[in-house]
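Enquirer: Sequence below, structure please.
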Amino acid sequence: QVPLVESGGGLVQPGGSLRLSCTASGFALNYYAIAWVRQAPGKEREGVSCVNSDIDSNGDITYYSDSVKGRFTISRDKARKMYLQMNSLKAEDTGVYYCRALYRGRDYWGQGTQVTVSA
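Expert: Numbering: from 1, shown residues only. Modelled structure (predicted):
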């Protein structure tokens, strides 16, 4: 059973939008800190956004990299799904996007989905 399965990638023109989804299997996603990570061609993986777990006593803490702040939004549908809404896409957003979930030493990754921003 694959713990995280992604969908929603594709080809989009600059300025367009995409919504990536990631479905969890076998565990409750709301206990986990969640993140989206991307890897552009020829570059190292880059953390795009993350948010702490729903049960974290510190409340909602969300991070966005400077390159996506104001354009991307991370969200979670409680125990089952996480999302990355991407607006005003740029060519430099092209890459493979991975979802990730972490909790108490468990570190799950999705298989990756390709996002290509091109005219």
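Enquirer: Is residue 62 in contact with residue 56, as I believe?
Expert: No. Counting by CB atoms under 8 Å, residue 62 sits too far from residue 56 to count as a contact (11.4 Å). For every residue, glycine as well, the C-beta is placed using N, CA and C.
Enquirer: could you pull out the helices for this protein?
Expert: Along the chain, no stretch is classed among the helices by DSSP state H.
Enquirer: ok, the residue most central in space within it - contacts?
Expert: Here the mean C-alpha position of the chain is nearest to the C-alpha of residue 36 (CA atoms, centre = their mean), at a distance of 2.7 Å. Neighbouring residues of residue 36 by CB atoms under 8 Å, 6 or more residues apart in numbering: 20, 47, 48, 49, 50, 72, 74, 84, 97, 98, 99, 100.
Enquirer: now, which of those sits nearest residue 26?
Expert: residue 99 (14.6 Å; CB to CB).
Enquirer: Just give me the neighbour total for that closest one.
Expert: Using other CB atoms under 10 Å, residue 99 has 28 other residues around it.
Enquirer: Of all the residues in the longest strand along the chain, which ones are buried?
Expert: Of all the elements of type strand in the chain, the one with the most residues (DSSP state E) is strand 95-103. Under the neighbour-count criterion of 16 or more other CB atoms under 10 Å, strand 95-103 has 95, 96, 97, 98, 99, 100, 101, 102, 103 buried.
Enquirer: now stretch 43-53, how far from the centre of its chain.
Expert: When distances are taken as CA atoms, centre = their mean, to the nearest Å, stretch 43-53 is centred 7 Å away from the chain's centroid.
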